[in-house]
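Chemist: Could you work out the structure for the sequence below:
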Amino acid sequence: MSDVVQAELESAAAVVPFEDELPAVAEGHTHPGPRQYVMIAVILVILTGLEVAVSYFDGEVNSNLLIALLIVLAAAKFFLVCAWYMHMKQDKPFFRRVFTVGIVGAMLVYAIVLFTFTSTVLQD
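Modeler: Numbers count the residues shown, from 1 in each chain. Presented below is the predicted three-dimensional model:
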């Protein structure tokens, strides 16, 4: 019976590495703490509040300016969510580049569609 227990302990030790066998974390690669996540959440709440406030400026401001401001606020929120909550800030540069190329491509397609329908979307 002790041979079976010994074999199980040896196989378990082979599966779970010791601390010194774990991959080393690259220098300067620190994971954000809870305080940083809360601060980013507060910033996101403030930006969302600004977006809601801007959406109530219907006839008082040029609609093109409102659209541009909302796009800037949305892009800032998108950057914060991707960098901190999706951990792109700590990710390898290759994956950041792939993601950036994809999002820039999506923004170009969106811009092309928006400018195709400028007569119905944007006002003078």
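Chemist: so where's the longest helix in this protein?
Modeler: Longest helix in the chain, counting residues (DSSP state H): helix 93-116.
Chemist: How about the residue nearest to the spatial centre of the chain: what's its closest non-neighbour residue?
Modeler: Residue closest to the average C-alpha location in the chain (C-alpha atoms, centre = their mean): C82, at 0.8 Å. In this structure, C82 finds its nearest non-sequential neighbour in M88, 4.9 Å apart by C-beta to C-beta, 6 or more residues apart in numbering. The way it works is simple: take the backbone N, C-alpha and C, and place the C-beta from them, glycine included.
Chemist: swap in P32?
Modeler: Take P32 and drop its neighbours on the chain: the residue closest to it by C-beta to C-beta, 6+ apart is W84, 6.2 Å away.
Chemist: Could you check how many residues crowd around A74?
Modeler: The local packing of A74 (other C-beta atoms under 10 Å) involves 13 other residues.
Chemist: Not counting its neighbours along the chain, what's nearest it?
Modeler: Excluding the flanking residues, the one nearest A74 by C-beta to C-beta, 6+ apart is E51, at 7.3 Å.
Chemist: wouldn't that neighbour be in contact with I71 here?
Modeler: No - checked against C-beta atoms under 8 Å, the pair E51 and I71 is beyond contact range at 10.4 Å.
Chemist: Only alpha carbons, please: show the longest helix of the chain as CSV.
Modeler: Extracted in CSV, the C-alpha atoms of helix 93-116 (Å, rounded to 0.1, in the frame of the first residue of the first chain):
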residue,chain,number,x,y,z
PRO,A,93,4.5,43.4,-27.8
PHE,A,94,3.5,41.0,-30.6
PHE,A,95,0.0,40.6,-29.2
ARG,A,96,-0.4,44.3,-28.7
ARG,A,97,0.6,44.9,-32.3
VAL,A,98,-1.9,42.3,-33.6
PHE,A,99,-4.7,43.8,-31.5
THR,A,100,-3.7,47.4,-32.6
VAL,A,101,-3.8,46.4,-36.3
GLY,A,102,-7.2,44.9,-35.8
ILE,A,103,-8.7,47.8,-34.0
VAL,A,104,-7.2,50.3,-36.5
GLY,A,105,-8.7,48.3,-39.3
ALA,A,106,-12.1,48.3,-37.7
MET,A,107,-11.9,52.1,-37.1
LEU,A,108,-11.0,52.6,-40.8
VAL,A,109,-14.0,50.5,-41.9
TYR,A,110,-16.2,52.5,-39.5
ALA,A,111,-14.9,55.8,-40.8
ILE,A,112,-15.5,54.7,-44.4
VAL,A,113,-19.1,53.8,-43.6
LEU,A,114,-19.6,57.0,-41.7
PHE,A,115,-18.3,59.2,-44.5
THR,A,116,-20.4,57.2,-47.0
